[in-house]
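**Student:** from the sequence below, what's the structure:
(one chain, ligands or ions: 2)
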Amino acid sequence: MAFVLPDKPDLGLLLANRRTESTFEEIPVIDIQDAKSVDPTLRRQLADHIRDACINVGFFYVKNHGIPEEDIANTIKAAKQFFALPESTKMGLDIHKSPNYKGYTALLGENTDVSGLGDLHEGFDIGWEPRYFSEHTNSPARTDGVMTGANVWPEDLSGFKEAVLNYYHSALILGQLLFPLFALALDLPENYFDDKTTKPAAIMRLLHYPPQNPTPVGTHSRQIGIGAHTDYECFTILWQDPAGGLQVQNTSGKWVDAVPIAGTLVVNLGDQFARWTNDIFKSTLHRVVNRSGLQRYSIPLFFGTDYEVLLEPIPTCVSPDSPAKYEVITAGEYVKSRLEATYAHSSKE
Ligand SMILES: O=C(O)CCC(=O)C(=O)O
Ligand SMILES: [Fe+2]
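**Tutor:** Ligands and ions are numbered 1, 2, ... in the order given. The predicted structure follows:
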């Protein structure tokens, strides 16, 4: 579905000058039901809303996202069963044993904010599963260069793998729907990312956050659910349960609650998009503090370009006044270096 852009000779300056320092108090909710409309005006309108969110906030909720509620419910049920397993069983799938960070992360195993003392969550990470996808799609065999590494799965947890991969597959479809909208939001042809996302590079996590003790007023705990960080890939698709606790920092430094809204998912931009756009799209700092008194579960899926793609600034996002800020490296090298830093403190080597 090609969308013909009107002539915009000043496009480069126009986009590069879109950089904003505005702050925000709320995270917008965007209905994406027109994402595949045959009417290009509706797609353009939707992309304009997305652009506003991307240049001002870096976060938005999506309504009508298309991931079946049943897939979500089955995956959360599977996550609860997995995290209830004995620690020794989960440690059999220790992420440090896997090439490229697949498997189980114990409580405090990650330290997302280097000034923190470890994150109060446990997690389970997967990526692309070749056998499943060759049965379900026509995707060719793939290699992931420096990010190559097979998934690991718990034994004897009936239905776990199917539930998790079903959700993963649905979330990938949503991601593939969003890429053309991000392209339009950048005044690029809708298919701009097609040849850069031929074999979705997406890591998905199941996360479990036990409730944390209240911190005395005026003090800040150095152990929270997940320390303040930005994500590494282009964008994250996040399901969060009703317990709440996700917070997003605005440009004034205030933490704004990303309150769970039933029927929506949160989408936030990551550092790959900040690099593509020379920071015109915001990769916004966020964290989780689970003060609900409840067990909290969430499912982030981090969607980036193919791992061998170079993260080069889009020409219209640089100008003499806004020169390129970032060294050009491949998506795989970039993601790998960020994962190494995150897990460095719990690495046994
Ligand atoms: O659990 C959440 O709500 C957010 C998780 C997150 O920010 C991440 O895993 O990068
Ligand atoms: Fe994150």
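**Student:** which residues of the protein lie near ligand 1?
**Tutor:** Proximity of the chain to ligand 1 (Cβ under 6 Å from any ligand atom) is limited to residues Arg205, Leu207, Ile226, Asp231, Leu238, Gln240, Leu246, His286, Val288, Ser298, Pro300. For glycine as for every other residue, the C-beta is placed from the backbone atoms N, C-alpha and C.
**Student:** and the strands in the stretch 51-200 of the chain?
**Tutor:** 59-63, 103-105, 122-126 (DSSP state E, counting those that start in this stretch).
**Student:** go through the shortest one and flag the buried ones.
**Tutor:** Read it as strand 103-105. Neighbour-count burial for strand 103-105, counted by 16 or more other Cβ atoms under 10 Å, picks out Gly103, Tyr104, Thr105.
**Student:** so which elements touch that strand?
**Tutor:** Other elements packing on strand 103-105 under the criterion 3 or more Cβ pairs under 8 Å, 6 or more residues apart in numbering; DSSP states H and E are strand 122-126.
**Student:** rewinding a little: got CSV for the strands of the stretch 51-200 of the chain, with mean pLDDT too?
**Tutor:** Listed next are those as CSV, based on pLDDT from 0 to 100:
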stretch, mean pLDDT
strand 59-63, 98
strand 103-105, 97
strand 122-126, 97
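**Student:** list the residues that contact Leu117.
**Tutor:** Taking Cβ atoms under 8 Å, 6 or more residues apart in numbering, we find Leu117 in contact with Leu108, Asn111, Arg222, Gln223.
**Student:** and what of Glu312?
**Tutor:** Here Glu312 is in contact with Trp276, Val328 (criterion: Cβ under 8 Å, 6+ apart).
**Student:** nearest to Ala262, out of the strands of the stretch 51-200 of the chain?
**Tutor:** For these, proximity to Ala262 was assessed by Cβ to Cβ; strand 59-63 is nearest, at 10.2 Å.
**Student:** starting at the chain centroid, how far to that closest one?
**Tutor:** 12 Å (Cα atoms, centre = their mean, to the nearest Å).
**Student:** can you list contacts of that strand?
**Tutor:** So strand 59-63 is in contact with 27-33, 50, 53-54, 174, 248, 258, 261, 263-269, 284, 286, going by Cβ under 8 Å, 6+ apart.
**Student:** out of those, which are inside strands?
**Tutor:** Counting by DSSP state E, the contacts of strand 59-63 place Val29, Ile30, Asp31, Val248, Leu265, Val266, Val267, Asn268, Leu269, His286 in strands.
**Student:** quick one on the thing from earlier: any chance of the strands of the stretch 51-200 of the chain in CSV, plus distance to Cys317?
**Tutor:** Below are the strands of the stretch 51-200 of the chain laid out as CSV (distance: least, Cβ to Cβ, whole Å):
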stretch, distance to Cys317
strand 59-63, 20
strand 103-105, 34
strand 122-126, 31
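**Student:** farthest-apart pair in the contacts of Leu117, please.
**Tutor:** Leu108 and Arg222, at 11.3 Å, using Cβ to Cβ across the contacts of Leu117.
**Student:** more crowded one of the two?
**Tutor:** Between Leu108 and Arg222, counting by other Cβ atoms under 10 Å, Leu108 is the more crowded of the two (16 against 13).
**Student:** in contact with the nearest residue to that one once chain neighbours are set aside, which residues?
**Tutor:** Leaving aside its sequence neighbours, Leu108 sits nearest to Gly118 (Cβ to Cβ, 6 or more residues apart in numbering; 3.3 Å). For Gly118, the contact set (Cβ under 8 Å, 6+ apart) comprises Leu107, Leu108, Gly109, Glu110, Asn111, Gln223, His345, Ser346.
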